[in-house]
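>>> Just a sequence and a predicted model for now, questions to come.
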Amino acid sequence: MSSTSSHAKSLYNKPLSNESMSQIVINTRPIARAAPLTQYLQAAGLSVVEIPMLTLRQRPTTDEDRALMHAWLAGEYKALVIVSPTAASLGLKVWQSLVHNDHDDSDDTKTANKAADRGHKALITPSPLIAVGQATAAALNQAKIDATNYQVRQPKVANNEGMLAMPEIERLQSGDKLLIWRGLGGRRLLVDTLQARGVQIDSIAWYERSMPIEAMAQYQQWQQDFHSYHKIAKTTKKPIVVVSSGAAFEHWTTIVADAKTVASEHDSHITSATAINLPLSLSDFAYVVLGARLANMVAAQRLSYWRVEDLAPDTILSAINNDT
C-alpha cells in the first residue's frame, strides 16, 4: 500500500482486504518529513494517509541574519542549537557561503584555486553544535564539518526538555550567548528558561510554516472516501491523527471546521439515512501529539490523545498500539 503525498486516497479506491480494514492513521507531517513515519507504520500493518498540515517555505536571508552568523563564526556564542533538518540545511548553505566569500576576499587567495577550495574546504565550527533530533544531526553530519574541536551533539530526548538537560545547555549562565537556527514560531520553553537565567538568546528563522493550499481538497477527498469505506467495513476504530506542532493542529482544526461548514451548506436536510455521511468533527478522531504544549491544546478541546516525547516512528507506533 502506498502513501499519498499529492492525493489523500491510498485506501478506499480498491476492494477492501484485511490490510485495508486495519487502523487508519493520518500523517500530517510536511511532505519532506512524512515518508519515514508513513513507511514504518505501513510496514507494521497500519493504513496510512498523508495529509500534510504544514509546508515549509524558505525566508529571505537578511543583513541581520548574516551579522548573527558572523558573530557566531567569531566565537561570540557558547553553542549553536539547530531545531530541525530544514533549519540545518538552510543554515549550512549560508554558513558555507559566508566562509567561501571571506576566503575569496583574502589577499593571498589565488583565483585559480577558488573553485577547488569551495568544494574541499571544511567548515570549522567555533562552538558546540546541538541538533534536536536524529534527522537534524544527519543533515549536519552530511556536510563537510571539521569535528576536531566540536562534534554534533544530541539530547537523549529529542525536545526542549532534553536540550535543557544537556551539559552544554545546563552550564550556560547570565551573560552567556546562545544562537538558535529554527523556523518562524515554534516552542519557547528552551528560550524562556534560558532567558530567565540571564542567557542572551539570538535566533535565525530560516523558514516559515504555512498551510498547504491543497490541504482542504485532500481532506475533503479523504473524508468522502472514508464514509464509503466506513459503510462497508463497519469499523468502530477512530482514525488516528499524528500531529507534531501547534501550527499543524491549528491548521487541522481549521480544515475540519471548514469542511463541516461546506458540507452543511450543501446538505441542509439531514435524514437518518444520510446521517452516516455527516462531516466528521475533531472528536471523531484520536490524536498522537508531541510534547506537553500540544497535549494541552488537544486536551483543552476534550479530545482523545496520546502524548509522545519524540517523533521516532517506533515511539509513535507504541502510542498507537496502546489503543489498538
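Now that the structure is in, tell me what you want to look at.

>>> got the CA coordinates for stretch 289-296 in CSV?
Coordinates of each C-alpha in stretch 289-296 appear next as CSV, following Å, rounded to 0.1, in the frame of the first residue of the first chain:
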residue,chain,number,x,y,z
VAL,A,289,0.7,14.6,19.8
LEU,A,290,4.2,15.8,20.5
GLY,A,291,5.0,17.3,23.9
ALA,A,292,3.2,19.0,26.8
ARG,A,293,2.2,22.2,25.0
LEU,A,294,0.5,20.4,22.1
ALA,A,295,-1.1,17.9,24.5
ASN,A,296,-2.6,20.8,26.5
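
>>> Looking only at that stretch, what residues are buried by neighbour count?
Using 16 or more other CB atoms under 10 Å as the test for burial, stretch 289-296 gives 289, 290, 291, 292, 294, 295. For the C-beta atoms, the positions are set from N, CA and C on the backbone; glycine is no exception.

>>> Distance from the helix or strand hosting residue 168 to the middle of the chain?
Taking DSSP states H and E as the criterion, residue 168 maps to helix 167-170. Its chain's C-alpha centre lies 24 Å from the corresponding centre of helix 167-170 when counted by CA atoms, centre = their mean, to the nearest Å.

>>> And stretch 49-57, by the same measure?
Distance, stretch centre to chain centre, for stretch 49-57: 9 Å (CA atoms, centre = their mean).

>>> what comes into contact with that stretch?
Here stretch 49-57 makes contact (CB atoms under 8 Å, 6 or more residues apart in numbering) with 3-5, 8-11, 24-32, 34, 38, 86, 183, 207-212, 215, 218-219, 222, 243, 245, 247-249, 251-252, 255.

>>> now stretch 150-169
78-79, 81, 125, 127-134, 137, 140-141, 145, 170, 178, 187, 189-190, 193-194, 290-291, 309-312.

>>> returning to that earlier point: among the contacts of stretch 49-57, which are located in strands?
Secondary-structure check on the contacts of stretch 49-57 using DSSP state E: residues within strands are 24, 25, 26, 27, 183, 207, 208, 209, 210, 243.

>>> Tell me how many other residues crowd the fifth one.
So the one you mean is residue 183. The tally of other residues near residue 183 (other CB atoms under 10 Å) stands at 22.

>>> partners of the strand or helix carrying residue 181 in the sheet?
Assigning secondary structure by DSSP H and E places residue 181 in strand 177-183. In its sheet, strand 177-183 lies beside strand 79-82 (parallel), strand 200-210 (parallel), with partners assigned from DSSP bridges.

>>> Quick check: which of the ones you listed is buried the most?
For these, ranked by mean neighbour count under the definition mean count of other CB atoms under 10 Å, the leader is strand 79-82 at a mean of 25.

>>> Need the CA coordinates for that one. CSV is fine.
Backbone C-alpha positions of strand 79-82 (Å, rounded to 0.1, in the frame of the first residue of the first chain) are rendered in CSV as follows:
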residue,chain,number,x,y,z
ALA,A,79,26.7,27.0,21.4
LEU,A,80,24.5,26.7,18.3
VAL,A,81,21.2,24.9,18.6
ILE,A,82,19.6,23.6,15.4
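
>>> now it, how far from the centre of its chain.
Centre-to-centre, strand 79-82 and its host chain are 18 Å apart (CA atoms, centre = their mean).

>>> Of the contacts of stretch 49-57, keep whichever come out buried.
If you count burial by 16+ other CB under 10 Å, the buried members of the contacts of stretch 49-57 come out as 3-5, 8, 10-11, 24-30, 34, 38, 86, 183, 207, 209, 211-212, 215, 218-219, 222, 243, 245, 247-249, 251-252, 255.

>>> tell me the contacts of residue 173?
Listed by CB under 8 Å, 6+ apart, the contact partners of residue 173 are 197, 198, 199.
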